[in-house]
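1. Predicted coordinates and the sequence they were generated for:
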Amino acid sequence: MKRKRKRALSILFLMLISLLAGCAEEKIPIEVPEVQKDQYVYDQGDFLGSDAENSMNQFLVALEEQTTIEFAVITVPTLGNLSIESYAVKLGNKLGIGKADDDNGILLLISREDERVRLEIGKGLQGTLTDSVSGRILDEYFVPYREVDQYDQACLYTVQAVINYLAETGEYTIAIEEINSDITVTDNDLTIEEAITILVVSILIIALICVVIWALLRNSRGGGRGVYTSFYGSGGGFSSGGGFGGGGFSGGGASR
C-alpha cells in the first residue's frame with residue numbers, strides 16, 4: 001500500500017513539475033514588433049543595414065500586392081530559452097502573418113546572438129514551400145553568408161530565393177524587376193517512386209515499433225497500467241491578427 005502511495009505521489013510530483021515548466025515557457029517574453037502599414041521588415045535585433053531593409057521591404061510589398069502573400073522578416077536580440085521553432089510559431093500566430101482565409105504567411109526569423117534562423121511557412125503554403133525546399137533555400141542562401149557575418153546578404157538572398165521559387169511554381173504571377181532572377185533553388189526533390197518507397201519503409205518501421213512497445217507494455221506490470229503521458233500544447237497562448245491579415249502557423253518550414 002505504501003509503495004502505491006509513494007508511486008502516486010511521485011507521478012503527481014512529476015506532472016506538477018511538467019506543468020510548471022510549461023507555464024514558465026509561456027511566460028517568456030516574445031519580442032513582438034508594432035506593425036505598421038506596408039512594413040514587412042522589423043530589425044529588432046538591430047543588425048541589418050538600412051539599404052538591405054529598404055530593398056527587402058520593397059520586394060515584400062510588391063509580393064503582397066501581386067499575390068496577397070504576407071512575408072515578414074523579423075530579427076530578435078535573443079530567443080531566450082525557447083527553441084526558434086517555438087518562437088517562430090508563437091510570433092507568427094501573434095502577429096497573424098498571412099490572410100486569414102488562406103493562411104499564406106511566411107516568416108523569416110533571425111537571432112544573431114543564437115546563430116539561428118527559421119523559415120516559418122503558413123499552413124496554406126506548406127504544400128508549395130515544403131520543409132525540404134525551405135531547408136535548401138536556407139542552406140544555399142542564408143547559412144553561407146551567416147558564416148562570414150554578412151546578414152544583409154543572407155536575408156536579401158533568402159527573400160529573393162523564396163519569391164523566385166514561388167514564381168517558378170507557376171501558382172502565382174509575380175513580376176518584380178528589381179529581384180535577381182539568378183537566385184534560384186536547386187531542384188533535388190525525390191521522384192514519386194523514391195517517395196513511395198520511403199513512405200512504405202517508414203510505415204513498416206513505425207508499425208514494428210508500435211508492436212514492440214505494445215508487447216512490452218502488455219508484459220509489464222498490470223498490462224501497462226501506470227504509464228502516464230502529459231502533454232501541454234504551445235498553441236492558444238497568443239491571439240492572431242496583430243496588424244497583418246490573421247493567418248496561422250503550425251510548425252511547417254525549416255531551421256538552421
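-> Yep, it's here.
2. Enumerate every residue touching the spatially closest residue to residue 139 that is not a sequence neighbour.
-> Nearest non-adjacent residue to residue 139, counting by C-beta to C-beta, 6 or more residues apart in numbering: residue 256, 6.9 Å away. Where you see a C-beta, it was placed from the backbone N, CA and C, and this is true even at glycine. Under the criterion of C-beta atoms under 8 Å, 6 or more residues apart in numbering, the neighbours of residue 256 are 116, 117, 118, 135, 138, 139, 142, 143.
3. what's the burial count for the first one?
-> For residue 116, the count of nearby residues is 20 (other C-beta atoms under 10 Å).
4. got a pLDDT number for it?
-> Residue 116 is assigned 98 on the pLDDT scale.
5. Of the contacts of residue 256, which is the most crowded?
-> The residue in the contacts of residue 256 with the most neighbours, by other C-beta under 10 Å, is residue 118 (27 neighbours).
6. helix, strand or coil for it?
-> strand (DSSP: H, G, I helix; E, B strand; the rest coil).
7. That one and residue 136, how far apart?
-> Note on residue 118: its distance to residue 136, by C-beta to C-beta, to the nearest Å, is 15 Å.
8. ditto for residue 174
-> With C-beta to C-beta as the criterion, residue 174 and residue 136 are 19 Å apart.
9. what do you get for residue 123?
-> Residue 123 is 21 Å from residue 136, by C-beta to C-beta.
10. Also residue 153?
-> Per C-beta to C-beta, residue 153 is found 18 Å from residue 136.
11. for residue 57, same thing?
-> Residue 57 sits 25 Å away from residue 136, going by C-beta to C-beta.
12. same question, residue 183
-> Counting by C-beta to C-beta, the gap from residue 183 to residue 136 is 12 Å.
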